[in-house]
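In: Any chance you could fold what I've pasted below:
(2 chains)
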Amino acid sequence: MARKRQRRSQPNRSQSKTAPISNRTAQAAAAVPAQAPWQPGMPLTGSRRTIFIGICVACLLLAAGAITWAVIRDGGQGSGDGGPMNNAGAPGAIARVATPEGALMFRNVLPGDHWNQVGVVPANEPATDRSMVPLRCLRIHFDGGRALCLAEGGGPAGTFSAYILDADLKETGRVRLGGIPSRTRVSPDGKYGATTSFVTGHSYAEDGFSTETLIIELESAKSLANLEEFTTYRDGEVFFNEDFNFWGVTFTNDTNIFYATLATGGKTYLVRGDIAAREFDVLRENVECPSISPDNTRIAFKKKVGGDLTGSIWRFHVLDLETMTETPLSETRSIDDQILWLDNDRLLYGDSSDTWLISADGTGEPTRFMTRAISLVYIPSSEAGEAANEGDETGVEVLEMPKSDLEASISMPDSATEGAAMSYQITVVNSGSTTATGVALDHDVPPDVELGEVVATDPPGIAYGCSMYPEEHRVRCTTPELDPGASWTTSVTITPGAPGEMSFTVDVGADGTDTTPENNRTHATMTVGE
Amino acid sequence: MYQIENSGQVLRRGEKGKRFRLTRPRVSATVLMLGFTSLFTDISAEMVSTILPMYLVLNLGLSPFAFGVIDGLYLGGAAIVRLIAGYMADRSRKHKEIAFAGYAFSAISRIGLLLVGNVWTLLASVVLVDRLGKGIRTAPRDAMISLSTEREKLATAFGVHRAMDTAGAMMGPMIAFLILTLWSDAYDTVFIVSFCFALIGVAVIGLFVQNPNPVPTADAQLSAPPSLGEALNLARGSKFGALLIVGGILSVATMSDGFLYLTLQRRLDFNVGFFPLLYVATALIFMLLAIPMGQLADRVGRGRVFVGGYLVLLSVYGLLLLPWYGAAQVIIYLVLLGVYYAATDGVLMAIGSMLLPEDLRSSGLALLSTVTNVGRLVASILFGLLWSWQGMSVAVGVFIFVLALATIAAARLVMTSGFGATTDGA
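Out: Numbering: from 1, shown residues only, chains lettered A, B, ... in the order given. Take a look at the predicted model:
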């Protein structure tokens, strides 16, 4: 393919007479000057050419190897349309797992083969081994006997769709989404579903972000509306801005009515939507990702309490719809999730890897409800479908949860002086009989404390990493694994900024189930004098 | 001299409709080989960057917004590295070696993506290595293009380079999506194939590109390497200083493509799934027109074409405020946007090269591209804030106003200081 062209014109400072160059085909890389084209005294082009061809051949082999690996791993099936599952559902899978207390369905994020796969466990035994159904969803919600699963697929690569499933997790329809899935909810009667996806430009840093929220009629798999098409009223007047964004739908027991978040002008609002009238009423400011209680009397939501250009800081609150009073919940971290009511008294939410349980009245403190499980949803036994005969279920696999027994402790002096740097130690011990993997330690300090250095001191040379979250007064340290009987000590340096009684918390978790979760969390107090 | 067959065909097609006579672009071997390096590197880079958000969200459960924050923080770091690398290239006269290191950094980061799995902190540092590599290579590479090209062909040379670069940027996403369409979840395959393209790019620059000044001439031996003071003085007083100011102000008044597409989407209410297509269409026009615009600039004056490009952009913004008639309008916008890129991106570097002494070429171009990049980032933050506080129309209106003022200032500077002339020197 190489063609030779004679150089025609003169004043160029750095080259010679002739050189061949190939067409710009995929193999254009093979274009190599046959002779030294540049300057006298250079090494022979022949060797350059050989090196270049060698590199190209090595690259081709490497790429071919990678593609072969992808083909083998794929089992020759190809991705088809890239939907969330490869078969006709998992008949009876939920019903078989569900006890009279119901079942829990979630996205499994335990590292391994079942990553991102949907799992089911009995509602009264969240820590037990997981029944994995042949379904991979980024977000899933289930209500009224129907599920919405947001997953990649339904178009060219990079397309995401909302898959509508029945109680046997069999697909009954799908709707294409405009971006990366963020939230989904199904109405209590299974009639409607809602999806929110992030619509992004080429670069988040330069382009900001936008959302698309759809209301879907599940029976017909029709998108009824993009919420931006609804008419919005505030104090009885039509309210409109070009920059309207809606997200975080929650359906009431009256299926036609729902709540959602409206964002405009840098503020967020709680809005009440009417599907039939295609209208919104603005109710209240600073409410994001609302979630209505099963008795429809309260709304739990995340409230922005701070932040800047680089991000927001949120805290979960519960709003009483009758008195319009807000109660802050006890979680002190800033969590970006649409909180979910487990029942009328307790709520569930996920951080990036675990699901937490918290009391709706603001008392107590959060407890780890399930490890390595997010996008969790409660399914009452009445909606779990018909149990299949034993052996009839398709594709359900059991994921054995790794067991560990981590124990956290803080060794801290009883008193300290305001303004003086001091150190204390946090120790994590694996008292179980197996190696704990993915060990993560979260340490909360009081707001009046300045966090200094955080380093692992023992055992020497342990692989670890720590991230500071100054706005949450928290530090998180992780280590890949901890052998049975082994311990991991971290030294924390702080400077107390105010006198008084100060309380510190440590919470430790790992991949899998902890046999005695009570000792994973510990507190210490210290009196700071002036 | 070399000829690019495909571009020649493109131009021949273009000739029919235009009175302006286009000739086949003739550029030096260095420019052509740097073009190939950029082509392969951009295939590699765009393969990864188009799927990275998906990969992070699907595998890490990371909010897309969090990714944006980190992305933005790195841009600042890359700017500083770019300035340092630009100056180092001038001082050591080793443009090729420094650019090579930059390309190599990015190639290595592809392997890193494969190895670090889903450990977020490690992933962030891999992305950082890639950004640093990009920061390191840009200025020495542009300096090599300009140093191996006659003054009267500078814009053409940059046009050829940008056309090849953009061709790579268009091919990358297609290859990545093809792989993911054929084999779902084959992100590791995408990373490996991306690494292969990056390696070929690195091999091209390592084996076939020579420093423009490999054997110092008697003159060059006499002159000492440029001092840091000289490099810093570039920004002061000279014509180049004026160019920096004009380029900076123009970029602060330029809304990012993403916001422009978002505005289009809001006005016309088309499916957001079409966003990637908008990018492809703009890049296609840019690629097709980069060379003819470069030739036009070399012929009629680089400053004129540069200012003309911003007038086109101004008309795009103006049209945004007009009522809507249909989808055809979107096509007009995309064509105009592509014309704007073709008329300004490489041409600005050509103007900069005209005004810079040879021994400070890399430092100066680093300064110029840093000023415009930082300007664009500031612009997108400002536009985002305006959009949020005052709505779309106000935001677009403010940007039109500032851009119009900046364009007038640029036009005045072109007329008075004459840096638009085709053969004018520094």
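In: ok, and does stretch A:457-472 reach over to chain B?
Out: Yes - counting by C-beta under 8 Å from any C-beta of the partner chain, chain B is contacted by stretch A:457-472 at A:G465, A:S467. Glycine gets a C-beta too; all of them are placed from N, C-alpha and C.
In: That stretch: which residues count as buried?
Out: A:I462, A:Y464, A:C466, A:E472 (16 or more other C-beta atoms under 10 Å in any protein chain shown).
In: which bits of the stretch 301-426 of chain B sit near chain A?
Out: So far as C-beta under 8 Å from any C-beta goes, the stretch 301-426 of chain B lies against chain A at B:376-377, B:380-381, B:384-385, B:387-393.
In: Point out where chain B drops to low pLDDT.
Out: Scanning chain B for pLDDT under 70 picks out B:1-23, B:57-76, B:117-121, B:184, B:213-225, B:237, B:269-273, B:324-325, B:388, B:417-426.
In: In contact with the residue positioned nearest the centre of it, which residues are there?
Out: Nearest to the mean C-alpha position of chain B, counting by C-alpha atoms, centre = their mean, stands B:D345 at 6.3 Å. By C-beta atoms under 8 Å, 6 or more residues apart in numbering or on different chains, the contact set of B:D345 is B:F158, B:R162, B:F286, B:A290.
In: Out of those, which sit inside strands?
Out: Residues of those located in strands (DSSP state E): none.
In: Export those residues as CSV, with columns for distance to chain A and neighbour count.
Out: CSV is the format used below for these (distance: C-beta to the nearest C-beta, whole Å; neighbours: other C-beta atoms under 10 Å in any protein chain shown):
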residue, distance to chain A, neighbour count
B:F158, 16, 33
B:R162, 15, 26
B:F286, 14, 26
B:A290, 15, 32
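In: returning to that earlier point: ranking the residues of the stretch 301-426 of chain B next to chain A by neighbours, who comes first?
Out: Highest neighbour count within those: B:W387, with 25 neighbours (other C-beta atoms under 10 Å in any protein chain shown).
In: just how off-centre is the helix or strand where it lies within its chain?
Out: Element membership for B:W387, per DSSP states H and E: helix B:361-390. Averaged C-alpha coordinates place helix B:361-390 at 13 Å from its chain's average position (C-alpha atoms, centre = their mean, to the nearest Å).
In: helices or strands next to it in the packing?
Out: Here helix B:361-390 touches helix A:204-207, helix B:64-92, helix B:120-147, helix B:239-252, helix B:257-268, helix B:327-355, helix B:392-417, going by 3 or more C-beta pairs under 8 Å, 6 or more residues apart in numbering or on different chains; DSSP states H and E.
In: of all the ones you listed, which lies closest to A:M370?
Out: helix B:120-147 (20.9 Å; C-beta to C-beta).
In: relative to helix B:327-355, how tilted is that closest one?
Out: 60 degrees (axes from the mean of the first three to the mean of the last three C-alpha atoms, to 10 degrees).
In: mind listing what's buried in helix B:120-147?
Out: Buried residues in helix B:120-147 (16+ other C-beta under 10 Å): B:120, B:123, B:126-147.
In: could you dump the helices and strands packed on helix B:361-390 to JSON lines with distance to A:L138?
Out: Formatted as JSON lines, those follow (distance: least, C-beta to C-beta, whole Å):
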{"stretch": "helix A:204-207", "distance to A:L138": "18"}
{"stretch": "helix B:64-92", "distance to A:L138": "12"}
{"stretch": "helix B:120-147", "distance to A:L138": "17"}
{"stretch": "helix B:239-252", "distance to A:L138": "37"}
{"stretch": "helix B:257-268", "distance to A:L138": "23"}
{"stretch": "helix B:327-355", "distance to A:L138": "30"}
{"stretch": "helix B:392-417", "distance to A:L138": "30"}
